[in-house]
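Q: predicted model, plus sequence, below.
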Amino acid sequence: MKSQKIVLDTNVLYAGLHSSVGASYRVLQGIDNKTFLPILSTTLLFEYEDILKRKQADLALSNQEIETILDNLCYFSEFQKVYFLWRPYLKDPKNDHVLELAVASQVKTIVTHNLKDFRRIEQFGIKAITPKSLLENLK
């Protein structure tokens, strides 16, 4: 079976690392077993690193564990360069790079807990869905 390409919003990565119960954790497991293929950009990788290091105490992770997580994400992901920017488009401009990555890579799904932050993206042929919805769509 071919892996489903997704853009993984930072809040899903954080939630999956914070708790081993729930859909976000199962999405991370799906990356490990190749059900999902995350698409990464340099900007998104740096955002992952920033959030994990800022929330390091909450996650009870060492610097080495964070580096290992990021290394594994890089290993299991496909990298996409983004050559265009049309910011701001979304209500929260901090999320524009996630949308730009999805458009550049032609990924149809952004997985996020903040659906309201990705309103009006359907015109790009992209949908924002929760981790739970992503898993339900597999069935």
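A: Cool, the structure landed. Remember, predicted model here, so these are calculated numbers, not experimental data. Residues are numbered from 1 along each chain as shown.
Q: now do the same contact list for the closest residue to Q80 other than its chain neighbours.
A: Once flanking residues are discounted, Q80 sits nearest to S105: 4.1 Å by C-beta to C-beta, 6 or more residues apart in numbering. Every C-beta, even on glycine, is put in place using the N, C-alpha and C of the backbone. By C-beta atoms under 8 Å, 6 or more residues apart in numbering, the contact set of S105 is K5, V7, I39, E78, Q80.
Q: repeat for L37
A: S3, Q4, K5, I6, I31, F76, S77, E78.
Q: apply 7 Å and report the result again.
A: L37 is in contact with S3, Q4, K5, E78, counting by C-beta atoms under 7 Å, 6 or more residues apart in numbering.
Q: setting aside sequence neighbours, what's the nearest residue to the last one?
A: In this case it means E78. Nearest non-adjacent residue to E78 (C-beta to C-beta, 6+ apart): I39, at 5.4 Å.
Q: is the one you found in a helix, a strand, or coil?
A: Taking DSSP: H, G, I helix; E, B strand; the rest coil as the rule, one finds I39 in the strand state.
Q: surely it and V107 touch.
A: Yes - judged on C-beta atoms under 7 Å, I39 makes contact with V107 at a distance of 5.2 Å.
Q: between the two, which contacts overlap?
A: Common neighbours of I39 and V107, using C-beta under 7 Å, 6+ apart, are K5, V7.
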